[in-house]
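# Please work out how this folds:
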Amino acid sequence: MREIKGKKITFLGAARSGIAAAKIAKRHGAIPFVSDAAPLREIGDKITELEKARIEFEIGIHSNRVFEADFIVTSPGVPDDSAPIKKAKSLGLEIISELEFASGFCKGKIIAITGTNGKTTTTTLCAYTLNNAGLKTYLAGNIGTAFSDVVDNVKENEFVALEVSSFQLDHIKEFKPYIAVILNITPDHLDRYENSFEKYIESKLRITENQNGNDYLIVNADDKNLTGISTGAQRYAFSTSQVVERGAYFGEGALYFKDTEHPDKICDRSELSLKGEHNLANALAVLTVAKLLGVKNSSVCQSFSSFKGVEHRLEFVREIDGVKFVNDSKATNVDSVWYALRSFNEPLRLILGGKDKGNDYSAIDEPVKKHVKKIYAIGSSAEKVYGHFKELVPTEIKESLEDAVVSAFKEAEKGEVVLLSPACASFDMFDNYEHRGKVFKEIVRKL
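Here you go, the predicted structure:
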């Protein structure tokens, strides 16, 4: 455990993880200071939270007080090329992520799950499966509940299923999960990595850099970017298309786990509540975690069949006059949309756009041609979306999400699906993807 009593610690960013980490610091006898450059109107009730906890803060500026610290804890939303991070580096100040900071107080075992796509569904399914098996597991991380919010409650014989982003891994030092899972790596967030896919991959792979022979690394055997990973951990794999040496795989309509020469059939694919090839891969990853922790096959199967899915991820909202509305606001990159489009047989009216992160939309040309009847482009990337798809399928720019939903409903025919799957971040129009998804659902319910 990191000794912080009496230490001055600056927390960059007043998001939920930053405030939660500052509260831990206060509880453990440190002197926390929270600094956020966002204007007062965007911080809102967070000020009350800081005042109630008697934590000093500044809003709307990063003053020199930021650097009067023993070390700095940075939030995922603060990029490395921001002025305070660059100055802190020039002063030789230690900079760590909230993930690194919180892990220093965790008495239980960490199951850390990363990847470009599927993290939220997989982490949620993992916690659900382990809790159903009687293994007390907290759900936290990039998923909505900050690691710092739960870490003081975790006991030695308990687990934390942790969704981990590349931004959180960028500033780790000693972070060491008992089980690390890498689901997949495809181009994303390249605006934060100098448009370098290699740097983004390096960031993701840091999840295993401190693991040793007592730990486990689980990787997707079908992802060419995950071959030849250097790790000190015991390596397992999962695959939807091939038999793996150790781990979980799909074959002959069923899910198997193999740790010796003889594979063990766990359940039929038809028993999975989640549909789509990407969710089959997610389930295989969780199956591997569960078996490494000794969960019985029948318990795994029961959890897989009863799991209800995740809000904002291919979430059915409502059907009106034969037109279905599906909220996939969590699809913040092109690869997520590729999977989403392939999950439907019905004709789609696709709402696409937001804050572009260097997207290559040609990656979804084929499923768009096959499945999409019309695209409604929104947000700051609307012109780019329109420019790319206008010759491929009917495409129209809309001023707002509400305009897009209303237009799609008016034009949709019975048996079609109106799908919000933006391929972009939400920060141009909304607080986050959850806010975007909730607004979408509110609009649909008012139709």
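
# Sketch out the low-pLDDT regions of the protein for me.
Along the chain, the model assigns pLDDT under 70 to residues 1, 42, 44, 187-195.

# show me the contacts for K26.
Counting by C-beta atoms under 8 Å, 6 or more residues apart in numbering, K26 makes contact with 32, 53-55. Placement of C-beta: from N, CA and C, glycine included.

# cool, N432 as well?
Applying C-beta under 8 Å, 6+ apart to N432 gives the contacts S426.

# change the start of the numbering to 32 and stick with it
All set: I'll call the first residue 32, so the last point we hit is now N463.

# Give me the distance between it and A46.
Between N463 and A46 the computed distance is 9 Å (C-beta to C-beta, to the nearest Å).

# Likewise for Y407?
Plainly put, Y407 is 30 Å away from A46 if you go by C-beta to C-beta.

# Pick out whichever of these two has more residues nearby.
With neighbours defined as other C-beta atoms under 10 Å, Y407 and A46 compare such that Y407 has more, 27 against 20.

# Pull the number of nearby residues for the nearest residue to the more buried one once chain neighbours are set aside.
In this structure, Y407 finds its nearest non-sequential neighbour in A435, 3.9 Å apart by C-beta to C-beta, 6 or more residues apart in numbering. Other residues lying near A435 total 28 when counted by other C-beta under 10 Å.

# And for the one 3 residues further on?
Under the neighbour criterion other C-beta under 10 Å, S438 is assigned a count of 17.

# Tell me if I'm right that it and I406 touch.
No - with contact defined as C-beta atoms under 8 Å, S438 does not reach I406; the gap is 11.3 Å.

# Which neighbours do those two have in common?
Residues within reach of S438 and of I406 at once, by C-beta under 8 Å, 6+ apart, are E427.

# What about K83, how many residues nearby?
The number of residues packed around K83, counting by other C-beta under 10 Å, is 9.

# Got phi/psi on it?
phi -60, psi -40 (degrees, to the nearest 10).

# returning to that earlier point: can you tell me which of the contacts of K57 is nearest Y169?
Distance to Y169, by C-beta to C-beta, is smallest for A84 among those, at 21.2 Å.

# ok, for that closest one, nearest residue in space, not its chain neighbours?
On the basis of C-beta to C-beta, 6+ apart, the spatially nearest residue to A84 that is not a chain neighbour turns out to be K54, at 5.4 Å.

# in terms of contact, does the one you found touch R85 like I think?
No - counting by C-beta under 8 Å, K54 sits too far from R85 to count as a contact (10.2 Å).

# Of these two, give the one with the bigger neighbour count.
A direct count of neighbours by other C-beta under 10 Å for K54 and R85 places K54 higher, at 22 against 8.

# and after the helix or strand hosting the more buried one, which helix or strand comes next?
Assigned by DSSP states H and E, K54 belongs to helix 47-58. Past helix 47-58, further along toward the C-terminus, the next helix or strand under DSSP H and E is strand 62-67.
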